[in-house]
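1. only the shape, not the letters, is given here:
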């Protein structure tokens, strides 16, 4: 089923509920809750009446391009009925390859949120649409701009109007991006899960390494965070992720929205110190879009593991038992937000770690 807030009339189609009164994402909307409750009630009634195939696979919420997904996510945790029957699978963001860079660079009043960057920041997966309408150079520049905002979401290149079947439904659902259990399941099946180096696959099977500097001078992968991306002196360089003074530089697309990884190896964290850091971050939760992590805490003479997941001030920290003896200690926290004090956060995070002999 589909909820759509882009039209101001109430639809009578059985499979679509169009919410009126504008954008459902501007605030925590009672009509969104009512619409989901109606869907749940309808399904229950059909099942009670023995209707064949009464259950539904899911609910798609399609918002306008200016929407903040945060309040929608909050709705799923705050309403008792919605929380009991529904969970968030993931946030998909469609990026227009032909116009995204112009929208990203559009002048805004001081302090105004860059809406295209905000949409990308929330994304668990990005569909880079209309790649057939632009040059490959612009595709790569757009991917680099996406990576500068959100270094972790997979980017799928596509042309939805010409080849809609090229992106299978399995690419769009069952992401389980908000499922803390999935992180631990992947860890048990694949070994140590690295949130910073997790690979994403685009529609052409390319791998994009996320979030860390690349030391290969010949690398042309725009998803790599190169230490020399601020200024590249090579006049022959065609890597759009490098800052250049000529026409394809994306340095003018920089926004105040970005992502980072906090990491500590071989030492557990002090619970109180980390809680203090998290509390300080949540004081400005409106600018903290997404965050997740696997945490190693010292507790009563041992090391235990927690999984962190959050949107704005909606925090979920789940206990996951003792840290597996066969796995090296490594705490990783991914942050995506606005005006992140990266150096300050790294210093505060380092202060959360205990000395090796303190456990």
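-> Everything's here; your move. Note that the coordinates shown come from a computational prediction; the quantities given were computed from them, not determined experimentally.
2. what's the spacing between residue 276 and residue 264?
-> Distance check for residue 276 against residue 264: by CB to CB, to the nearest Å, it reads 16 Å. Every C-beta, even on glycine, is put in place using the N, C-alpha and C of the backbone.
3. please read the previous query as pertaining to residue 312.
-> Shown here: residue 312 relative to residue 264, a distance of 25 Å by CB to CB.
4. try residue 296
-> According to CB to CB, residue 296 and residue 264 sit 8 Å apart.
5. overlap in contacts of these two?
-> Here residue 296 and residue 264 have 330-331 as joint contacts, going by CB atoms under 8 Å, 6 or more residues apart in numbering.
6. more crowded one of the two?
-> Neighbours per residue (other CB atoms under 10 Å) separate residue 296 from residue 264, with residue 296 holding more: 24 against 19.
7. please tell me the pLDDT value assigned to the more buried one.
-> At residue 296, the predicted lDDT confidence score is 95.
8. off-centre distance for the helix or strand harbouring it?
-> In this structure, residue 296 is located in strand 288-299 according to DSSP states H and E. Computed by CA atoms, centre = their mean, to the nearest Å, the separation of strand 288-299 from the middle of its chain amounts to 15 Å.
9. what helices or strands is that strand leaning on?
-> For strand 288-299, the packing partners by 3 or more CB pairs under 8 Å, 6 or more residues apart in numbering; DSSP states H and E come out as helix 115-122, helix 180-190, helix 271-282, strand 302-311, strand 330-338.
10. let me have these in JSON lines, extended by mean pLDDT and mean neighbour count.
-> Conversion of the helices and strands packed on strand 288-299 to JSON lines gives the following (pLDDT from 0 to 100; neighbours: other CB atoms under 10 Å):
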{"stretch": "helix 115-122", "mean pLDDT": "92", "mean neighbour count": "24"}
{"stretch": "helix 180-190", "mean pLDDT": "59", "mean neighbour count": "14"}
{"stretch": "helix 271-282", "mean pLDDT": "96", "mean neighbour count": "15"}
{"stretch": "strand 302-311", "mean pLDDT": "92", "mean neighbour count": "20"}
{"stretch": "strand 330-338", "mean pLDDT": "94", "mean neighbour count": "22"}
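11. a markdown table for the ones you listed, including distance to residue 62?
-> As requested, those are exported to a markdown table (distance: least, CB to CB, whole Å):
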| stretch | distance to residue 62 |
| --- | --- |
| helix 115-122 | 13 |
| helix 180-190 | 24 |
| helix 271-282 | 29 |
| strand 302-311 | 19 |
| strand 330-338 | 22 |
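12. check which element follows the longest helix anywhere in the chain along the chain.
-> With DSSP state H applied, the helix covering the greatest number of residues in the chain is identified as helix 30-48. Following the chain from helix 30-48 toward its C-terminal end, the next helix or strand by DSSP H and E is strand 60-62.
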